[in-house]
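Engineer: Curious how this folds, go ahead:
(chains A and B)
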Amino acid sequence: MSTTTPEKVRSVPKPVFTDAEAGAREFPSSTSRHYNYFVPARRRATVYEDVTVDVQPDPERHLSQGWLYGFANGVGGYPHDWTKLKSSNWHEFLDPNEEWEQTIYRNNANVVRQVQQTIANAKAAGSFLTENQSWLSVLEKHVSALAHAEHGIGMYVYTACQRDAPTNMINNAIAVAAAHKLRFAQDLILYNLEVSEQVPGFDGSIHKAVWQSDPAWQPTRENVEQLTGTRDWAEAFFATAIVFEPLVGELFRSHLLMQVAAVHGDYVTPTVIGVGEADVARDQAGARRLFSLLANDPVHGAANRAVMEGWLASWVPRSIAAGRGLQPIWSQLSEKVVTFDESATRAKTRFTELLTELGLTYDKEL
Amino acid sequence: MSRASITKSHQKIQELAWEPTFVSPVEKFATDYTFEKAQKKDPLKQILRSYFPMEEEKDNRVFGAMDGAIRGNMFRQVQERWMEWQKLFLSIIPFPEISAARAMPLVINAVPNPEVHNGLAIQMIDEVRHSTIQMNLKRLYMNHYIDPAGFDNTLKAFQNNYAGTIGRQFGEGFITGDAVTAANVYLTIVAETAFTNVLFVAMPAEAAANGDYLLPTVFHSVQSDESRHISNGYSIILMALSDERNRQLLERDLRYAWWNNHAVVDAAIGTFIEYGTKDRRKDRESYAEMWRRWIYDDYYRSYLVPLEKYGLVIPHDLVEEAWNRIWNKGYVHEVAQFFATGWAANYWRIDGMDDTDFEWFEHKYPGWYNKYGKWWEAYSALSKRNGHKPIMFEGDAANYEYPHRCWTCMVPCLIREDTVVDEVDGQVRTYCSETCHWTDAVAFRPEYEGRPTPAMGRLTGKREWEGLYHGWDYADVIRDLGYLRDDGKTLIPQPHLNLDPKEMWTIDSVEGITMQSPNVLLNAMSPEEREAHIAKYKRGGPAGRPAPAEAAA
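Structural biologist: Got it, this is the predicted structure:
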């Protein structure tokens, strides 16, 4: 006897030809194929503008019912008074880097590959073992201590600030800056891990004590902690990107480490630091654009410049002190390629150029 | 990277945090919760060195699929019925996503655990990813789908629309008020852990059945980030549970967050899945079946109930009542009908239901036709542009009483018998349910059960959309909203899918109709009038049918 098992019919949706593609018919708005609720900076909107502008609503633009939830004081959304600066059009700021999802991952993944390939090559070549001993001491203590500063800025300054600004364009730019800082901090500390596994006697954990109590780093740590303690998001962003970075971050990264590592037999540190510095340059371009717009605002420009000059009066001395505090590190190197004064002069020149670009004045001597 | 290497690297990055001695991070966002420092671990060991390349690879797949969809003429096979609802969904969702990014500092500020901070910061970047990748998907739809109207004005429409307002309060719920209530309980413990399953898994599956494989491509990529977010939230709730003082607040917040998420997400996603599809195979899951699987079994029974062992009071009653609303009270059907009633104020087109749809609904929801069938037949009949008004203004033919708006969740009071009316803050307000009333009158207050809750948020804003336009001519409302096509007279919304210009409704069809706000009218009534009005309203339904006159007498 034979039996036949009925074939089981799979239940699947059936494709249907609908001809619902663009151009299939002509009717009102059939060719209306651009976002029409904002004016792009140029004739055609960029992808960045399309995916960024107006995602964060604004009662002064299209948000007709206002903010629907408030904090305990009844204020909701993105209050303009979370900074002392004022703008006649907060939406004018567009990120010069045009960061959106695709650029964030392409750029950062490229950095990760660049850093990891360089470290892998150095490990294979045994180059860590041939580095100058005095340099290795600087590497374990000071290059690694820098990671704390970068982490503090990424986690407790930029990540915090990206909640606060009145537009999506500003907040996204700051969020990307936060991602850069957090990744750079991790790059540095994982680099420390790699070297500590390669070089006998390399103390992979001393950076914590150096950051926490070495006199050279205390003014910098104090400066970073002060930045995390600032409620005004624009002040925190300004004091970090416009003041701290040139006077402390770049002073140490570009004007010391990038100059001296190679002559001590180290070609990895310039790569790790270099990509971090490139990130800072991108993020600083955003800061320059933002603060330039605010300094030149047709209505609030003069008042904004006064506020920013007040911030300079508060923050420049802190960052000058932080930079000076690092001076002993220049003396710890066996190969004296650059003096502290030379480095400091370059940093101050950069800073002064930045202030000139923004139209700001800092009266006191740097 | 090997697992051992990940563990070692993850351990190493914990060295980055330090105890500040000069200045502590500013307390930007208040919470009434208390957290002691605890060694709570990040079980997923998130490290940026592996995160960025992983996400880049995911992106490459997404963008490859997008190119393939265009080259393969995907839009020759997409169902317009489905794509039209995406004009609403994709206008809403990028805002909750970016709000989630903005919410991260709220919990970083509140929870003293650097390992958890690391996971939260990565979540911030994820959310920027989600928001912009979704805006880009919508951009592709606008460029390649037959009818771009409603995509082209997407964010303006989202921000001025009666349906968009429901999504806006959802996203705003992440970023405002008590930091832990908003960014942990509401966002992560409920929205992400429970409702992203229907948002980002169930709904994309329905998109694929309607010829659109890009929505699944993008949203499954998004959903694959959510497990890390869920892990972040779980770590924080366990920390909260270790302090007795938090239990009362957690109980309050779970009730609010569960109910509000249910009210908002089930309204929207239920409608898209049930009324946006052309796939009427009898063995495809209904939204109710999906809900039972994704929400009731996978979330409630597998995630929420086990938290009871830590002493957390779970809102069992509200989970059961949410199911009761979906299964017995027709919640999704009532919402879909409401959206279709108000079609003229939409920025998408709504296809009517036909006999195939009726048969499917009756199969999945026995008794559906008796409740909703006649109304949908009237909708189709009144969808033709032949001199009459939109269905909302054709009283006898439609047999539908325009609903009061829930002050809290902003979905209208569609289950009429559950409507609650109360004078709160000097205003007579309507609520869709006891829990939404409790949320406004009890939970979002500076004191809760005798305990000061100074950090708790407030319900603010012009919460009844109709109130913005009370007394306006309806045509002026549409003009003000900007829902006109590029000829200046044809409406973006249509009650059908026919793109023949002769069949499309124009602005003159809605001239001479006066818009009225139910809440303004309610407040203008005497107490006696109001009582009679509400008594009659509560006797109305289902399907918005006004209570019979004799019953009202």
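
Engineer: contacts, neighbours, all on C-alpha from now
Structural biologist: Fine.

Engineer: Show me what the strand or helix carrying A:Ile170 is packed up against.
Structural biologist: Following DSSP states H and E, one finds A:Ile170 within helix A:168-198. Packing contacts for helix A:168-198, counted by 3 or more CA pairs under 8 Å, 6 or more residues apart in numbering or on different chains; DSSP states H and E, involve helix A:101-125, helix A:144-153, helix A:159-161, helix A:269-295, helix B:3-13, helix B:48-71, helix B:114-144.

Engineer: Where among those helices is average confidence lowest?
Structural biologist: By mean pLDDT, the lowest-scoring of these turns out to be helix B:3-13, with a mean of 87.

Engineer: Are stretch B:252-272 and chain A in contact anywhere?
Structural biologist: No: using CA under 8 Å from any CA of the partner chain, we find that stretch B:252-272 stays clear of chain A, coming within 13.2 Å at best.

Engineer: Ignore what I typed, I meant stretch B:220-236.
Structural biologist: No: using CA under 8 Å from any CA, stretch B:220-236 stays clear of chain A, with a minimum separation of 11.8 Å.

Engineer: Now that stretch - C-alpha only, CSV.
Structural biologist: What follows is stretch B:220-236, C-alpha atoms only, in CSV (Å, rounded to 0.1, in the frame of the first residue of the first chain):
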residue,chain,number,x,y,z
HIS,B,220,16.7,45.6,11.3
SER,B,221,20.1,47.4,11.1
VAL,B,222,18.8,49.8,13.7
GLN,B,223,17.3,47.1,15.8
SER,B,224,20.6,45.3,16.0
ASP,B,225,21.9,48.2,18.1
GLU,B,226,19.0,48.0,20.5
SER,B,227,20.3,44.9,22.4
ARG,B,228,23.2,47.1,23.7
HIS,B,229,20.7,49.8,24.7
ILE,B,230,18.6,47.3,26.5
SER,B,231,21.6,46.1,28.4
ASN,B,232,22.4,49.7,29.4
GLY,B,233,18.9,50.1,30.8
TYR,B,234,18.9,46.8,32.6
SER,B,235,22.2,47.7,34.4
ILE,B,236,20.7,50.9,35.6
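
Engineer: Quick check: buried residues in it?
Structural biologist: For stretch B:220-236, a neighbour-count test (16 or more other CA atoms under 10 Å in any protein chain shown) marks B:220-223, B:225-226, B:228-236 as buried.

Engineer: So which of the residues you listed belong to helices?
Structural biologist: B:220-223, B:225-226, B:228-236 (DSSP state H).

Engineer: Out of these, the closest to B:Gly450 would be?
Structural biologist: B:Ile236 (25.6 Å; CA to CA).

Engineer: Correct me if wrong: the closest one contacts B:Asn113.
Structural biologist: No: counting by CA atoms under 8 Å, B:Ile236 stays clear of B:Asn113, with 9.1 Å between them.

Engineer: where does chain A have low pLDDT?
Structural biologist: Scanning chain A for pLDDT under 70 picks out A:1-3.

Engineer: count of neighbours near B:His240?
Structural biologist: Rather than His, residue B:240 is Ala. Counted with other CA atoms under 10 Å in any protein chain shown, residues neighbouring B:Ala240 total 21.

Engineer: which residues sit in contact with it?
Structural biologist: Contacts for B:Ala240 (CA atoms under 8 Å, 6 or more residues apart in numbering or on different chains) come out as B:33-35, B:246-247.

Engineer: again, only this time at 6 Å
Structural biologist: Residues near B:Ala240 by CA atoms under 6 Å, 6 or more residues apart in numbering or on different chains: none.

Engineer: Now it: which helix or strand?
Structural biologist: Going by DSSP H and E, B:Ala240 is part of helix B:214-241.

Engineer: how close does the closest residue to A:Leu256 other than its chain neighbours get to A:Gln284?
Structural biologist: Excluding the flanking residues, the one nearest A:Leu256 by CA to CA, 6 or more residues apart in numbering or on different chains is A:Ser343, at 6.7 Å. Look at A:Ser343 and A:Gln284: by CA to CA, to the nearest Å, they are 20 Å apart.

Engineer: what do you get for B:Thr34?
Structural biologist: 37 Å.

Engineer: Have a look at the two and say which one is more surrounded.
Structural biologist: Set B:Thr34 next to A:Gln284 and count neighbours by other CA under 10 Å: A:Gln284 wins out with 22 against 18.

Engineer: now the more buried one, nearest residue through space, not along the chain?
Structural biologist: Nearest one to A:Gln284, counting by CA to CA, 6+ apart, is A:Ala241 at 5.8 Å.

Engineer: can I assume that neighbour sits in a helix?
Structural biologist: Yes: according to DSSP: H, G, I helix; E, B strand; the rest coil, A:Ala241 belongs to a helix.

Engineer: Relative to the whole chain's centre, how far out is stretch B:316-325?
Structural biologist: Centroid separation between stretch B:316-325 and its chain, computed with CA atoms, centre = their mean, to the nearest Å, is 18 Å.

Engineer: Extract the C-alpha set from it and format it as PDB.
Structural biologist: This file holds the C-alpha atoms of stretch B:316-325, laid out as PDB (Å, rounded to 0.1, in the frame of the first residue of the first chain):
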ATOM      1  CA  HIS B 316       0.400  43.400  35.800                       C
ATOM      2  CA  ASP B 317      -3.000  45.000  35.700                       C
ATOM      3  CA  LEU B 318      -2.000  47.500  33.000                       C
ATOM      4  CA  VAL B 319      -0.400  44.900  30.900                       C
ATOM      5  CA  GLU B 320      -3.600  42.900  31.000                       C
ATOM      6  CA  GLU B 321      -5.600  46.100  30.300                       C
ATOM      7  CA  ALA B 322      -3.500  47.000  27.300                       C
ATOM      8  CA  TRP B 323      -4.200  43.500  25.900                       C
ATOM      9  CA  ASN B 324      -7.900  44.000  26.800                       C
ATOM     10  CA  ARG B 325      -7.900  47.200  24.800                       C
END
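
Engineer: pLDDT below threshold where in chain B?
Structural biologist: B:1-4, B:39, B:549-553.

Engineer: try 50
Structural biologist: Applying pLDDT under 50 to chain B picks out residues B:551-553.

Engineer: Return the residues in contact with the residue nearest the centre of chain A.
Structural biologist: Central residue of chain A (CA atoms, centre = their mean): A:Ala177, 2.2 Å from the mean position. Going by CA under 6 Å, 6+ apart, A:Ala177 touches A:Asp283.
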